[in-house]
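A.B. asks: below is the structure, and that's it, no one-letter string:
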């Protein structure tokens, strides 16, 4: 259990379908899969053996429909609750000569097994979204959900918490600040679905839990070839475009995409005049999915993003001729392996190597401080989970290891001493490195008992960067489907071990810079303050 995870962490599953006639012969036909709550509409053709595979399905209730000439239409409801693949066999009966009208209620609109309200953004919503500013495509989709506030400069605040948003990219957690001022945007055209939650967290989620944004990238159906391209333009010299492509042939699925954009309103400016606010961003994505027999699945993904922008000036800075520029880059490689141990047990392994760099430069006319910064973060992540489905229980256990290196260099020279206390040093210099060591163990169970759904779990975390701390975090979520009244009651208890943001963590924690603590607010480098680790309790 000292390895990594695939779709298990991201609360996604797999549905395997076999279509045949009453004689047991395979039927080559189209299969439709619909979930209104997940905003997912999926269609694929079965192969010569009558098989169809739908992978990376967010958990929930789905309606499966098959219509083929000469046979009666088939429709049934299935639930996806575990990383253990679900297999259904569909037998088509010969059609009788009859006329019928069928009225079906939308039973996939509400998921009665959820122990919290989960906002879901599906492919249709993503495809028809309003064109955002470059660097904000994911942020704009999340900020429209209940409980989320998008602050100036694109920082998300789930339920009022700051810097406590966790992203999952196909099951791999990202706990850094993903606002456009800190990191390039993710390519939303490569996203199949978003799952957004602010309570009742499974025990597998840790560290940043003000809110969780689960991103599921596109998965290709058998024999499918899809492509999409778009260009956009708008005021403030906004211009951009994106393209995405995917193909699946036999066991191999390939996806690729890229987007680029620029605008003169990259961040929310501090003044209406919108001084020096031009910026650009680019993103590239490539993915490979290989089904090795029915028991094994191997996946890989490469992401690269870059943004460059000028920091918006206030009036006094614009008059002085200040020019500050920031550059942010992110490159990540993810590898995954899934193994069917038995028809009801799956082992998942996933790893990631990621490198982030960020820099700030200022000209000599900058005020009140001439600042320069060079910051880097290299992360190596590894996780293993085992999922077991037995009766009414969906059990998952796992372990994760996150090993990183933090590098920070900062220097500044006061250009306007009147804006600072008299004892503030005239020059500020810092150059530091630190190891980041984070480990976790967890176990959880989803129990279905009649009208009741109970999600319980326990998690152990250790965090060692500037401080060394550890904690146990119990979790409990309950849902009751009061079907006679048409009401679903939900409640949850979450105890979470929240860690500080690693951006500028070393410089803000350095005892050598204690005289500057709390006095550097005018700087555009967002030095930040001291943030200890802190276990918190949330009830909703």
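C.D. replies: Yes, it's here. Source: prediction; values computed, not measured.
A.B. asks: residue ranges in the stretch 151-300 of the chain under the pLDDT threshold?
C.D. replies: 152-153, 221-223 (pLDDT under 70).
A.B. asks: for it, which segments count as strands?
C.D. replies: 156-158, 165-169, 172-174, 191-197, 211-217, 225-234, 238-249, 252-263, 279-292, 296-310 (DSSP state E, counting those that start in this stretch).
A.B. asks: can you put these in a markdown table and add mean neighbour count?
C.D. replies: C-beta here means a position set from N, CA and C on the backbone, and glycine is covered the same way. As requested, the strands of the stretch 151-300 of the chain are arranged in a markdown table below (neighbours: other Cβ atoms under 10 Å):
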| stretch | mean neighbour count |
| --- | --- |
| strand 156-158 | 22 |
| strand 165-169 | 22 |
| strand 172-174 | 23 |
| strand 191-197 | 23 |
| strand 211-217 | 24 |
| strand 225-234 | 12 |
| strand 238-249 | 18 |
| strand 252-263 | 20 |
| strand 279-292 | 20 |
| strand 296-310 | 19 |
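A.B. asks: residue 384 is nearest to which of those strands?
C.D. replies: strand 172-174 (12.8 Å; Cβ to Cβ).
A.B. asks: I'd like to know which elements the closest one is packed against.
C.D. replies: Taking 3 or more Cβ pairs under 8 Å, 6 or more residues apart in numbering; DSSP states H and E as contact, the helices and strands that strand 172-174 lies on are strand 165-169, strand 369-390.
A.B. asks: tell me the strands beside that strand, with direction?
C.D. replies: Using DSSP bridges, strand 172-174 pairs in its sheet with strand 165-169 (antiparallel).
A.B. asks: tell me the angle of the partner strand relative to strand 211-217?
C.D. replies: With axes from the mean of the first three to the mean of the last three Cα atoms, to 10 degrees applied, the angle from strand 165-169 to strand 211-217 works out at 20 degrees.
A.B. asks: give me the below-cutoff pLDDT ranges for the stretch 301-450 of the chain.
C.D. replies: In the stretch 301-450 of the chain (pLDDT under 70), no residue qualifies.
A.B. asks: and if you look at the stretch 1-150 of the chain?
C.D. replies: 1-11, 96-107.
A.B. asks: for it, what spans make up the helices?
C.D. replies: 123-127, 137-143 (DSSP state H, counting those that start in this stretch).
A.B. asks: in the shortest one, which residues are buried?
C.D. replies: Spelled out, it's helix 123-127. Residues 123, 126 are the ones in helix 123-127 that count as buried (16 or more other Cβ atoms under 10 Å).
A.B. asks: could you say what helices and strands that helix packs with?
C.D. replies: So helix 123-127, by 3+ Cβ pairs under 8 Å, 6+ apart, packs with strand 40-45, strand 191-197.
A.B. asks: tell me where the stretch 1-150 of the chain has strands.
C.D. replies: Using DSSP E, counting those that start in this stretch, strands in the stretch 1-150 of the chain cover 12-21, 30-35, 40-45, 51-58, 60-66, 74-80, 86-92, 119-121, 148-150.
A.B. asks: now those strands as JSON lines including distance to residue 388?
C.D. replies: Shown next, in JSON lines, are the strands of the stretch 1-150 of the chain (distance: least, Cβ to Cβ, whole Å):
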{"stretch": "strand 12-21", "distance to residue 388": "14"}
{"stretch": "strand 30-35", "distance to residue 388": "24"}
{"stretch": "strand 40-45", "distance to residue 388": "26"}
{"stretch": "strand 51-58", "distance to residue 388": "19"}
{"stretch": "strand 60-66", "distance to residue 388": "20"}
{"stretch": "strand 74-80", "distance to residue 388": "16"}
{"stretch": "strand 86-92", "distance to residue 388": "14"}
{"stretch": "strand 119-121", "distance to residue 388": "26"}
{"stretch": "strand 148-150", "distance to residue 388": "34"}
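A.B. asks: could you say which of those strands is packed most deeply?
C.D. replies: strand 51-58 (a mean of 23; mean count of other Cβ atoms under 10 Å).
A.B. asks: mind listing the strands that strand pairs with, and their directions?
C.D. replies: By DSSP bridges, strand 51-58 pairs with strand 12-21 (antiparallel).
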